[in-house]
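K.L.:
Based on what follows, work out the 3D shape:
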Amino acid sequence: MHELLAQLDSAEPLKDYSVKQLDQLADEIRDVLCNLLATRTAHFASNLGVVELCIALHSVFDFRSDRLIWDTGHQVYPHKLVTGRYSEFKTIRTKGGLMGYPNPHESPYDLFMTGHAGCSVSTALGLASGDDLAGQSHRKSVAVIGDGAFPSGIVFEAMNNAGELNKDLLMILNDNEMSICPRVGGVARYLDRLRGNPFYTGLKQEVVRVLNHVPVFGDPTERLLAQMKEGVKAGVLGGMMFEELGFRYVGPIDGHDIGLLKKYLAMVKDLSGPVLLHVVTEKGRGYVPAEQDPVYFHTPPKFVDEGGKPVPTSGASQPAYTNFARDAIRDAMQRDERVTVMTAAMCQGNKLEPVREQFPDRFFDVGICESHAVAFAAGQCKAGMRPIVDIYSTFLQRSYDQIFQEACLQKLPVVFMLDRAGLTGPDGPTHHGLFDIGYMRVFPNLTVMAPGYSEELAPMLDYALQSDVATSIRYPKCSALHIEREPDPIETGKAEYIQRGTDVAIVSFGALLDQALEAAKQLESEMSVTVVNARFAKPIDREMVAEVIESCGHVITLEEGALQGGFGSAFLEAANDMHLDTRGITRLGIPDMFVEHGEREELLHDLSLDADAIKKACRGIQSTVAV
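P.N.:
Here you go, the predicted model:
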């Protein structure tokens, strides 16, 4: 069925393919992508949109020597298919299989793991500069960046530097009018104007030639003519913003016409200095439902196609923590007109569409600009609002300095809702939110919390919105635990006892409480187990720390985050400050490593964080006591 793909051990043969063969290859790639969604959830619409662009790039350049950075890497599936990974492609996003992002361990065609947006221009420029210094200036550096990622601040920092260095750098702006959700902001409107510009490169050059013959003189009338001349240039010539930054602008061109793409890529390949090629594509191209609803089909649930209609095959599951967070935010906004919410191009991922529809004046999607989101929230906070910054844990890392300077240092009560805090399963190491406990709890004027079950997420948000300091609330990408009990009131630095015992205590911070309870249940006939829902990593409940050490002697701390600087470290610090015996404390969490992709349950098992591992840890403590 996939005759051409099956023959590709590398992308080298594409240079000799006819346009007709390349079009056939595009059809084969789309068929593979559609078949993949019958087996698992995966990034879909974005990959359908770059098929022709990917094929054209590999047919013009040799990326075994030349440099190619995809930004972001979730659109890299066609690239993997044409670079010799077709036979392994069925394993993508499964444990031990291909990663859903570029991975240098898989192929020399992959240079960076690019799971976050905006860094491609910087890294490609660094490669061009490094190659030049190493005497390898014949290598070409190419960065493919989407229009959703383009407004990221680091992109303009890189373009500013590229214009100064004047290195040979090709920046391909993949313009599909989308990030994950429809793009927002002034840059988006500028790109919309460029997309509608009928003046392509050849005509633009002719206009420049004519305008350059308009004389410029010295009196006011002549200066006005000069200003008019520049205004006409700016109006007629698309891409003036890029030209002012030192980039030669080419386009916009049809990103689904392989022949046209090859022509332009061959042309810009030989241009010196920084070049921006504006390519217009359609997200979801080739599968009508994805074309009509690219937001839903960004990462849809697995489905089978029945006569052009996608039929989901995933079974129903318990609501996720994200759902409860969304509902808590909406309820808070209904009660208090000061409450606002902002996200960074993740309205869909954070399931905030109902909030956006109900409160359009208090919902802010700032695009993929997390640093701006936090500083923007701090400004609103200073003006008397109560902003909620709803961003993935791993993406919030991009705003670390703003958390420090604009929120905590100013003692402003910004609320941070950290979605995907913990293991994100098939998304892998670029998306696992494993470091926020450590990077948040070091700041003064910042409270760090995590719900152990669904019913306490809303009370935690209410607490945070009444606090006079910033608050972080973390929760993972998984179904939320439901407990048949009324949550204890949320009090500053107070943990919640779920059950009390005398032999060993399991103190869980966050959503691994379900694993702790299951382990305790299985140990009922063997030992008496205390289970604590810690709730706070900062300020930690020092009375609870002292009580479980004194009553049980042996304590297991449990967290879905990095052990270094995490909740277990906070527990040990508190015990040490109180001069308590810490020899009976065992910390369970993520060791000093980056965790690969796989289903969350598989990863918890491998990391010794599931109920069986907790049970074994408790038995190990008991056997030590017996000895």
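K.L.:
per the record, what domains does this structure have?
P.N.:
What automatic domain parsing lists as the domains of the chain is 3-196+247-292, 198-237, 321-474, 496-626.
K.L.:
export the ones you listed to CSV and tack on mean neighbour count, distance to Glu306 and mean pLDDT?
P.N.:
Using the backbone N, CA and C atoms, a C-beta is placed for each residue, glycine as well. As requested, the domains of the chain are exported to CSV (neighbours: other C-beta atoms under 10 Å; distance: least, C-beta to C-beta, whole Å; pLDDT from 0 to 100):
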stretch, mean neighbour count, distance to Glu306, mean pLDDT
domain 3-196+247-292, 20, 11, 88
domain 198-237, 12, 41, 46
domain 321-474, 21, 25, 95
domain 496-626, 19, 26, 94
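K.L.:
Of all those domains, which one comes closest to Pro301?
P.N.:
In terms of C-beta to C-beta, the element of the domains of the chain nearest to Pro301 is domain 3-196+247-292, at 5.6 Å.
K.L.:
Any idea how far apart the tips of the closest one sit?
P.N.:
End-to-end distance for domain 3-196+247-292, by C-alpha to C-alpha, to the nearest Å: 29 Å.
K.L.:
Arg285 and Gly49 touch, don't they?
P.N.:
Yes: when contacts are counted by C-beta atoms under 8 Å, Arg285 is listed as touching Gly49 (5.2 Å).
K.L.:
pretty sure Leu396 contacts Leu418?
P.N.:
Yes: A contact is recorded between Leu396 and Leu418 when judged using C-beta under 8 Å, the distance being 6.2 Å.
K.L.:
thinking again about what came up before, the domains of the chain into JSON lines, with extra columns for distance to Glu486?
P.N.:
Formatted as JSON lines, these follow (distance: least, C-beta to C-beta, whole Å):
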{"stretch": "domain 3-196+247-292", "distance to Glu486": "35"}
{"stretch": "domain 198-237", "distance to Glu486": "64"}
{"stretch": "domain 321-474", "distance to Glu486": "8"}
{"stretch": "domain 496-626", "distance to Glu486": "11"}
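K.L.:
Phe303: which of those is closest?
P.N.:
Taking C-beta to C-beta, domain 3-196+247-292 is the member of the domains of the chain nearest to Phe303, at 5.7 Å.
K.L.:
where's that closest one relative to the chain centroid, distance-wise?
P.N.:
Here domain 3-196+247-292 is found 18 Å from its chain centre; the criterion is C-alpha atoms, centre = their mean, to the nearest Å.
K.L.:
for stretch 387-405, same thing?
P.N.:
Relative to its parent chain, stretch 387-405 has a centroid offset of 12 Å by C-alpha atoms, centre = their mean.
K.L.:
May I have the distance across that stretch, first residue to last?
P.N.:
End-to-end distance of stretch 387-405 (C-alpha to C-alpha): 17 Å.
K.L.:
now swap in stretch 413-433 and tell me
P.N.:
Separation of the first and last residues of stretch 413-433 by C-alpha to C-alpha is 23 Å.
K.L.:
Which neighbours do Leu396 and Leu418 have in common?
P.N.:
Common contact partners of Leu396 and Leu418 (C-beta atoms under 8 Å, 6 or more residues apart in numbering): Asp436.
K.L.:
residues touching Ala158, list them.
P.N.:
Contacts of Ala158 by C-beta under 8 Å, 6+ apart are 121-122, 125.
K.L.:
tell me the SS of Asp612?
P.N.:
Three-state call for Asp612 (DSSP: H, G, I helix; E, B strand; the rest coil): helix.
K.L.:
now do the one 5 residues further on
P.N.:
Reducing the assignment to helix, strand or coil with three-state DSSP, the entry for Ala617 is helix.
K.L.:
Surely it is in contact with Arg587?
P.N.:
No: with contact defined as C-beta under 8 Å, Ala617 does not reach Arg587; the gap is 10.0 Å.
K.L.:
Show me whatever sits in contact with both of those two.
P.N.:
Common neighbours of Ala617 and Arg587 (C-beta under 8 Å, 6+ apart) are Ile556.
K.L.:
helices or strands next to whatever helix or strand Glu243 lives in in the packing?
P.N.:
If you go by DSSP states H and E, Glu243 is part of helix 240-244. Using 3 or more C-beta pairs under 8 Å, 6 or more residues apart in numbering; DSSP states H and E, the elements in contact with helix 240-244 are strand 248-254.
K.L.:
now for the strand it packs on, which elements pack on it?
P.N.:
So strand 248-254, by 3+ C-beta pairs under 8 Å, 6+ apart, packs with helix 186-195, helix 240-244, helix 258-269, strand 274-280.
K.L.:
Show me the contact partners of the third one.
P.N.:
It stands for helix 258-269. Residues contacting helix 258-269 (C-beta under 8 Å, 6+ apart): 19, 22-23, 26, 52-53, 55-57, 59-61, 140, 170, 250-251, 253-255, 275, 277, 279.
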